[in-house]
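1. 3D, please:
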Amino acid sequence: MLEKVRYEGAYPTREKADEAVRLVLAGLGRQLTGDERVDLAACLPLEAARVLTAQIPDTQPLTGWAFVKDLAARTGASLATTRWDTSSAFSTIAAYAGPDLITRILHQLPTGYALLFGRAELTPAA
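-> Residues are numbered from 1 along each chain as shown. Predicted coordinates:
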């Protein structure tokens, strides 16, 4: 998993990819609940699943943009870098999870996550 994130995110070292994956999985673990959380953990390598499930879900889920801002605040990294880290990790997570599970996850989360997973954010017409 780390090598895929390292390649996708063009990280110079495996350690940088590991930092990004841990940050993003911990953040996602604070957002996901229920069957989607369990099913995603089952798809991931054991260490990644542990990072995801070690988090206690927040009572107020964050929008995609607020998710990126929260991760940036936790690390002191720029918003651009954090957005890059998030998309790099999410693209690999999506490969492990498959399109059906990612669709279920996106239905559970507030708006703004689809683009982070590399999908179009479609909203119904008013």
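2. drop to CA atoms for contacts and neighbour counts, all remaining ones
-> Will do.
3. can you tell me which residues contact the nearest residue to L32 once chain neighbours are set aside?
-> Excluding its sequence neighbours, the residue lying closest to L32 (C-alpha to C-alpha, 6 or more residues apart in numbering) is P57, at 6.4 Å. By C-alpha atoms under 8 Å, 6 or more residues apart in numbering, the residues touching P57 are G29, R30, Q31, L32, T33.
4. what about T75, neighbour count?
-> Residues within reach of T75, counting by other C-alpha atoms under 10 Å, total 10.
5. Equivalent analysis for A42, please.
-> A42 has 14 neighbours, counted by other C-alpha under 10 Å.
6. and it, what are its phi and psi?
-> Backbone geometry at A42, expressed as degrees, to the nearest 10, gives phi -70, psi -20.
7. pretty sure it is touching A49, no?
-> Yes - if you go by C-alpha atoms under 8 Å, A42 and A49 touch, sitting 7.1 Å apart.
8. Got the confidence number for E121?
-> With respect to pLDDT, E121 has a value of 76.
9. I'd like the distance between it and G76.
-> For E121, the distance to G76 equals 28 Å [C-alpha to C-alpha, to the nearest Å].
10. Return the list of helices and strands in contact with the lowest-mean-pLDDT helix or strand in the chain.
-> The weakest-scoring helix or strand in the chain, judged by mean pLDDT, DSSP states H and E, is helix 2-9 (a mean of 90). Here helix 2-9 touches helix 14-29, helix 79-97, going by 3 or more C-alpha pairs under 8 Å, 6 or more residues apart in numbering; DSSP states H and E.
11. model confidence over the shortest one, on average?
-> Spelled out, it's helix 14-29. In this model, helix 14-29 has a mean pLDDT of 96.
12. can you list the residues that contact that helix?
-> 2-3, 5-6, 9, 11, 37, 48, 51-57, 67, 71, 85-86, 89-90.
13. Please type out the PyMOL selection for whichever of those residues turn out to be buried.
-> The buried residues among the contacts of helix 14-29 can be selected in PyMOL (16 or more other C-alpha atoms under 10 Å) with this line:
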select buried, resi 2+5+6+9+11+37+48+51+52+53+55+57+67+71+85+86+89+90
